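1. Fold the following for me, if possible:
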Amino acid sequence: MGFEKNLICFDCSMTSPVFCNLKPNEIARIDKNRIEVTFNPGEIIMKSGTPNTHVISFFEGLAKISLERRGGRNFILDFIRPPSFFSGPGLFIDKKNHFTISAVELCKLCLIDMDTFLDIMRENTKMAFAFMEISNNFILNLVNKMESLLVKHNYGRVAEAMLYLSRKIYYSNPFKLSISKKELSEMTGLSKESVSRILHEFTDEGLIQITGKTFHLLKEDLLEQISRNG
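-> Next comes the predicted model:
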């Protein structure tokens with residue numbers, strides 16, 4: 001983890017939508033009360049159970065949001081790509097972090113003082129609405145995730161994960177996987193062995209092609225069908 005401050009908020013090209021409607025004096029206040037931090041892959045950015053003192057704005061890298069469970073087996077709720085913003089539900093409740101965020105790739109982000117953020121949001125209605133939209137989208141993603149776990153069988157979960165990674169995380173097909181098999185299992189709620197077996201079957205059936213870390217979805221329509229039918 002490294003600390004630095006090389007950017008200026010006025011010039012940032014990776015601004016989250018929550019900050020797009022700030023007045024010049026509000027941008028200056030954000031700029032004054034933030035720090036830029038670099039996290040290496042595997043480092044924890046935010047730890048569940050610790051005080052929630054900052055909101056996070058990502059401008060480089062890939063991180064995962066995890067729900068920590070007893071026994072050391074975590075569950076990945078979602079991934080974060082720039083330009084993304086994250087605060088967590090504890091912002092208005094108990095001022096605690098309820099999820100753990102860890103760097104998957106090298107991550108660069110801004111930690112913005114929570115009190116400064118809340119003060120500006122109270123004064124700026126457009127910012128408050130943008131924040132609510134982001135928060136509601138996160139909740140909706142959680143609902144969809146829970147529905148997937150409750151309704152879909154193993155094949156549907158893995159097919160859904162492949163499509164999600166291609167379309168929402170890497171924005172490419174083929175794509176080079178930067179997460180591990182363990183993280184794939186935590187993403188689908190399955191064991192590593194089950195994920196490996198299903199990926200092998202998808203390969204044998206000509207649905208996907210795996211070369212090293214590169215995944216090519218050969219038959220997206222069939223993967224969609226498997227994902228949809230569970």
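2. Tell me how many other residues crowd the closest residue to residue 63 other than its chain neighbours.
-> Closest residue to residue 63 apart from its sequence neighbours, by CB to CB, 6 or more residues apart in numbering: residue 80 at 4.5 Å. C-beta: built from backbone N, CA, C; applies to glycine. Residue 80: 21 surrounding residues under other CB atoms under 10 Å.
3. Name the single longest helix found in this protein.
-> Identified as the longest helix of the chain according to DSSP state H is helix 125-151.
4. tell me what that helix is packed against?
-> strand 75-80, helix 114-123, helix 154-164 (3 or more CB pairs under 8 Å, 6 or more residues apart in numbering; DSSP states H and E).
5. Could you pull out the buried residues of that helix?
-> 127, 130, 131, 134, 135, 138, 145, 148 (16 or more other CB atoms under 10 Å).
6. domains for the chain, by residue range?
-> Annotated domains of the chain cover 2-149, 153-229 [automatic domain parsing].
7. will you turn the ones you listed into a markdown table that also has mean pLDDT?
-> Output for the domains of the chain, formatted as a markdown table (pLDDT from 0 to 100):
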| stretch | mean pLDDT |
| --- | --- |
| domain 2-149 | 87 |
| domain 153-229 | 95 |
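8. now the helices for this protein?
-> Along the chain, counting by DSSP H, helices occupy 24-32, 114-123, 125-151, 154-164, 181-188, 192-204, 220-229.
9. Adding distance to residue 51 as columns, could you present the ones you listed in CSV?
-> Output for the helices of the chain, formatted as CSV (distance: least, CB to CB, whole Å):
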stretch, distance to residue 51
helix 24-32, 20
helix 114-123, 9
helix 125-151, 20
helix 154-164, 32
helix 181-188, 25
helix 192-204, 33
helix 220-229, 39
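10. how about these, which one is nearest residue 210?
-> Counting by CB to CB, residue 210 lies closest to helix 192-204 out of the helices of the chain; the figure is 5.9 Å.
11. Counting by contacts, list what that closest one packs against.
-> Under the contact definition 3+ CB pairs under 8 Å, 6+ apart, helix 192-204 sits against helix 154-164, helix 181-188, strand 208-211.
12. coming back round to it: tell me the angle the longest helix of the chain makes with helix 154-164.
-> 150 degrees (axes from the mean of the first three to the mean of the last three CA atoms, to 10 degrees).
13. Off-centre distance for helix 125-151?
-> Relative to the chain's own centre, helix 125-151 is displaced by 12 Å; criterion: CA atoms, centre = their mean, to the nearest Å.
14. Stretch 199-214 now?
-> 25 Å.
15. repeat for stretch 179-193
-> Per CA atoms, centre = their mean, the centroid offset for stretch 179-193 relative to its chain is 16 Å.
16. With stretch 161-172 instead?
-> Taking mean C-alpha positions (CA atoms, centre = their mean), stretch 161-172 and its chain are 12 Å apart.
17. Residues contacting that stretch, please?
-> 62, 79, 81, 173, 175-177, 179, 184, 187-188, 202, 208, 215, 217, 220, 223-224, 227 (CB atoms under 8 Å, 6 or more residues apart in numbering).
18. for stretch 112-127, same thing?
-> 18-19, 21-23, 26, 29-30, 33-34, 52-57, 87, 91, 95, 128, 131.
19. one step back: what sits against the residue nearest to residue 63?
-> 58, 62, 63, 64, 65, 86, 101.
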